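Novice: sequence-free structure coming up:
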């Protein structure tokens, strides 16, 4: 990558050398048309989006010819998965010649042809891939409560092919869509990374983009699966300490914490709306010291949905004070049976 000026999400100009791959079909977002692509530089691979449909034929030609390009006058945008490249009408994309120092061979993962699991590490987060894999160790269905108090079904399993394994994560209607021990072709399944930078696959919500078709088993021997342990652990014991008990207001639409503007109103940093604070929901958070009957001490985070369960156990209303909550939780006499994530606590 040859970067000659600083990156900015506000539209500062840059120059970058790389290869273009995975140019997607045109898509619509309201009245806007756009398409996605990947750009491979010498240091990393980035996801891109172009809002100028007339540039797609040129970028597709560069992709098919596998020639290096120079991209000038583009924007960047920070996202949870990294920095995205934003191409607009003023962006210039031209073929170029790399010097000996700049030269590299891009490692790309195709979207529409079957890819082996060991090459998934070369994909970028949110990229679609197509794989053939056998389902192994498909777990039981769990119910997860979100920050907006939605209860969602979740199921995890392992996918195997002759080159390795990767975790698959299924949500809601995707649950029970595959069977343990069966082999499938997953077309346009999404590559994702969790908060620990662990790679997994997840079908997209839009089922029109995704398909899962039963197919013949591999004739080659598959590797022994390294079973991913279930991180949800049950424990019985008592709450013996409370810290960081706090309450904030969250947006009614997206569940993001509201930033107070004055006594009446606040800003939602995600929806970009000004909202009336007293109309927003409370979002409680606290940390507890939980001592199990086996004398194991756990320091656990309790979020809003589980906090509501604790209030009901104490026969308290949400309008009670922090002191009342603390006293009631510490005075619970009966043992509590809890489930917690042993990785994140």
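Specialist: That came through, no problem. No experiment lies behind these values; they were computed from the predicted model shown.

Novice: Give the buried residues for stretch 316-330.
Specialist: 325-326, 328-329 (16 or more other CB atoms under 10 Å). For every residue, glycine as well, the C-beta is placed using N, CA and C.

Novice: Check those and tell me the two furthest apart.
Specialist: 326 and 328 (7.4 Å; CB to CB).

Novice: re earlier: save the buried residues of stretch 316-330 as TSV, and put in secondary structure, distance to residue 117 and pLDDT too.
Specialist: Shown next, in TSV, are those (DSSP: H, G, I helix; E, B strand; the rest coil; distance: CB to CB, whole Å; pLDDT from 0 to 100):
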residue	secondary structure	distance to residue 117	pLDDT
325	helix	48	88
326	helix	49	89
328	helix	50	88
329	helix	46	89
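
Novice: Break the chain down into its domains, please.
Specialist: In terms of domains, the chain is parsed into 15-95, 117-214, 232-341 (source: automatic domain parsing).

Novice: Could you export those domains as a markdown table, including distance to residue 106?
Specialist: Listed next are the domains of the chain as a markdown table, based on distance: least, CB to CB, whole Å:
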| stretch | distance to residue 106 |
| --- | --- |
| domain 15-95 | 4 |
| domain 117-214 | 9 |
| domain 232-341 | 34 |
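
Novice: Which one of the ones you listed lies nearest to residue 223?
Specialist: domain 117-214 (6.5 Å).

Novice: So for that closest one, mean pLDDT?
Specialist: When pLDDT is averaged over domain 117-214, the result is 87.

Novice: burial of residue 109, as a residue count?
Specialist: Residue 109 sits with 22 neighbouring residues when counted by other CB atoms under 10 Å.

Novice: so what's it closest to, chain neighbours aside?
Specialist: Spatial nearest neighbour of residue 109, chain neighbours left out: residue 123 (4.2 Å); criterion: CB to CB, 6 or more residues apart in numbering.

Novice: show me the contacts for the one you found.
Specialist: 109, 115, 129, 191 (CB atoms under 8 Å, 6 or more residues apart in numbering).

Novice: Also residue 223?
Specialist: Under the criterion of CB under 8 Å, 6+ apart, the neighbours of residue 223 are 160, 162, 164-165.

Novice: Tell me how far it lies from residue 36.
Specialist: Counting by CB to CB, to the nearest Å, the gap from residue 223 to residue 36 is 32 Å.
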